[in-house]
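Peer 1: next comes the sequence, and after it the predicted model I'd like to discuss.
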Amino acid sequence: MFNSDQQSMEIHEKMYDHRFQRTDQWMPVYSWLESLDTDEVIKSKDVVDWLTANPEIRDHLYARHSRYHLMHYIKKCHLKILKRKEKQGLIVAKIPPSNGDQNDDEKTPGSPHFTGNNLNNIPKDSELYKAKRSEALRKYEILVEFEKQLIPVFGRQES
């Protein structure tokens with residue numbers, strides 16, 4: 001005879017695709033996404049608002065993943081949840097068309113895959129330009145410092 005853990009595990013396996021497994025770190029996100037009463041894929045602002053309201057979860061996820069990865073993955077999860085609900089007949093989802101067939105020439109500057117240098121489009125006297133330039137300088141200084149620390153360990157590589 002099955003105990004309740006085995007039964008719940010069987011139900012869980014039937015409900016969720018094996019390729020889309022839920023790890024403990026993502027469980028609060030899944031619970032939140034499934035509790036949403038919407039037929040559209042969640043917006044980035046809503047994700048940020050929820051993460052801000054749940055700082056422990058946010059800190060845990062930010063420690064392991066980039067912000068871009070979080071947004072992409074959470075939206076992907078929500079899209080799969082909406083598709084599953086639609087397949088079950090619970091909702092009629094407003095799912096945007098996929099961008100899989102879009103080629104590189106058609107990608108817009110707002111796309112994370114846009115290859116242009118966005119600093120060229122920002123006025124040099126703006127606060128955003130100054131902040132991005134300052135951030136780039138900090139990153140460069142960090143890399144130089146790492147290089148200084150690693151040279152004694154690995155020696156200087158001539159290229």
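Peer 2: Sure, I can see it.

Peer 1: and the contacts of stretch 55-70?
Peer 2: The contact list for stretch 55-70, computed with C-beta atoms under 8 Å, 6 or more residues apart in numbering, reads Q25, P28, V29, V47, L51, T52, Y73, P112. To be clear about C-beta, it is placed using only N, CA and C from the backbone, and glycine gets the same treatment.

Peer 1: swap in 7 Å and give it another go.
Peer 2: Residues from elsewhere that reach stretch 55-70 (C-beta atoms under 7 Å, 6 or more residues apart in numbering): Q25, P28, L51, T52, P112.

Peer 1: so for that stretch, what's the average pLDDT?
Peer 2: The pLDDT scores in stretch 55-70 average 89.

Peer 1: and stretch 42-61, what's buried?
Peer 2: Judged by neighbour count using 16 or more other C-beta atoms under 10 Å, the buried positions of stretch 42-61 are I42, V47, W50, L51, I57, L61.

Peer 1: export that stretch as PDB, just CAs?
Peer 2: What follows is stretch 42-61 as a C-alpha-only set of coordinates in PDB (Å, rounded to 0.1, in the frame of the first residue of the first chain):
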ATOM      1  CA  ILE A  42       4.000  37.700 -16.600                       C
ATOM      2  CA  LYS A  43       5.700  41.000 -17.100                       C
ATOM      3  CA  SER A  44       9.200  41.800 -15.800                       C
ATOM      4  CA  LYS A  45       7.900  44.600 -13.500                       C
ATOM      5  CA  ASP A  46       5.600  42.100 -11.800                       C
ATOM      6  CA  VAL A  47       8.500  39.700 -11.300                       C
ATOM      7  CA  VAL A  48      10.700  42.500  -9.800                       C
ATOM      8  CA  ASP A  49       7.800  43.600  -7.500                       C
ATOM      9  CA  TRP A  50       7.400  40.000  -6.300                       C
ATOM     10  CA  LEU A  51      11.100  39.500  -5.700                       C
ATOM     11  CA  THR A  52      11.200  42.900  -3.900                       C
ATOM     12  CA  ALA A  53       8.400  41.800  -1.600                       C
ATOM     13  CA  ASN A  54      10.200  38.500  -0.900                       C
ATOM     14  CA  PRO A  55      13.800  39.500  -0.100                       C
ATOM     15  CA  GLU A  56      14.900  36.100   1.200                       C
ATOM     16  CA  ILE A  57      13.900  34.300  -2.000                       C
ATOM     17  CA  ARG A  58      15.300  37.100  -4.100                       C
ATOM     18  CA  ASP A  59      18.700  37.000  -2.300                       C
ATOM     19  CA  HIS A  60      18.800  33.200  -2.600                       C
ATOM     20  CA  LEU A  61      18.100  33.300  -6.300                       C
END
